[in-house]
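Visitor: structure for this input, please:
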Amino acid sequence: MFNGATVIFTSLFKIPGILGVILLCGLSLLTGGQALAQSFPSRPVTIIVPYGPGSGNDVIARELAQKLTEILGSPVVVENKAGANGNIAVDYVAQTKPDGYTVLLSSTSGLINQITNTVRTDMRKDFDPVGFAGTLPYVLAVHPDFPANSVADLVALAKKDPGKLNFNGPVGSMSDYLGKVLMSTTGVDMVMVPYKSTSDAQVDVLAGRIELWFTTAASALSLAKAGRVKVLAVTGEKRLQVLPNVPTVAEAGFPALTAEVAFFILAPAGTPKDVLTKLNQAVGVALHTKSVEDRLATQGVQMKIGTSEQVRAYIRTELEKWQRVLKGEKS
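Guide: This next block holds a predicted model:
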């Protein structure tokens, strides 16, 4: 008995010349992509994180991986590839086979890096988006012994001793941007120390070797609760439920520092659409699972989901926005 596919292929073989070859190739790609999506995943899926353990990307990736393993019925693991302002991870994933088994958990910080640093990979062209994975504000934290209890106090100290206070990088990161905005809007002079990631700066903050720590709320919350760092302000538009007594930067009198990071998952360009859809749906289910949502909320992460095309539009508009924002700084 012949099925529909056999009839179609038999008919196509009767089409003469190059047209028949083109139609056969196109149909093979279509049926191959559908077959891959139906069997996907048949082996472990790896989420690559461009920063170190404890970073916002890392926290979200590990929560997702645990739940996605249940949803997809196959192991989902997290691998950190920190370095070069995130470019090591970005370049690595872009060059992997586009089959959905290796994806990147990137963020707004990664988009800023596309503008402020020399990069080989273009996030607009070299990836196919899977979906969003939440949003997260940054916080401005200091050592508990630091003699400032507000952003205004900090600015006063910086004006008293120009060039003495340090804040964390790396170059082209959200931390770097926030530090430079604080300097440009207040006229203070501070020094940026280029760590690989915000989490790498943690050791020196706890040791009192650098004064200001711009980091994701997820990275600072446990330390703040333990009294090991002092959070002066949150960069989001709203206060965090887990830090209700900490003001937003706008409430503190510095609205220019308002910023939130969106997280999103990217697959190498050319990944079959059906695979992207399957991953997108699984991520949506994971993020709306109450246990995952509650655990991420304790880290300051707020839910944000969307389609592949919505992420693609976000990447495009955010790159345009940050190019405008940083234009004056780079010129």
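Visitor: number of residues surrounding Val292?
Guide: Residues lying near Val292 (other Cβ atoms under 10 Å) number 21. All C-beta atoms are positioned from the backbone trio N, CA, C, and that covers glycine.
Visitor: so it is in which element?
Guide: helix 290-297 (DSSP states H and E).
Visitor: with Asp128 instead?
Guide: Going by DSSP H and E, Asp128 is in strand 127-142.
Visitor: quick one, that strand and helix 290-297 angle?
Guide: Taking axes from the mean of the first three to the mean of the last three Cα atoms, to 10 degrees, one finds strand 127-142 and helix 290-297 inclined to each other by 50 degrees.
Visitor: what's the helix or strand following strand 127-142 in contact with?
Guide: Sequence-wise, the next helix or strand downstream of strand 127-142 (DSSP H and E) is helix 151-160. By Cβ atoms under 8 Å, 6 or more residues apart in numbering, the residues outside helix 151-160 that reach it are 140, 142, 147-148, 164-165, 182, 186-190, 212, 232-233, 249, 252-254, 257.
Visitor: of those, which belong to strands?
Guide: Cross-referencing the contacts of helix 151-160 against strands under DSSP state E gives Leu140, Val142, Leu232, Ala233.
Visitor: of those, which is the most crowded?
Guide: Neighbour counts for the ones in strands among the contacts of helix 151-160 peak at Leu140, which has 28 neighbours (criterion: other Cβ under 10 Å).
Visitor: that one pairs with what?
Guide: Taking DSSP bridges as the rule, Leu140 bridges to Phe214, Ala233.
Visitor: residues touching it, list them.
Guide: Per Cβ under 8 Å, 6+ apart, neighbours of Leu140: Val151, Leu154, Leu178, Leu212, Trp213, Phe214, Val231, Leu232, Ala233, Thr235, Val249, Leu257.
Visitor: PyMOL command to pick out the buried ones of those residues?
Guide: Paste this into PyMOL to select the buried members of the contacts of Leu140, with burial taken from 16 or more other Cβ atoms under 10 Å:
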select buried, resi 151+154+178+212+213+214+231+232+233+235+249+257
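Visitor: out of the contacts of Leu140, who's nearest Gly54?
Guide: Minimum separation from Gly54 among the contacts of Leu140 (Cβ to Cβ) is found for Trp213, which lies at 12.3 Å.
Visitor: could you list every residue that touches the closest one?
Guide: Counted by Cβ under 8 Å, 6+ apart, Trp213 has contacts Leu140, Ala141, Val142, Phe167, Asn168, Thr198, Ala201, Gln202, Val205, Ala220, Val229.
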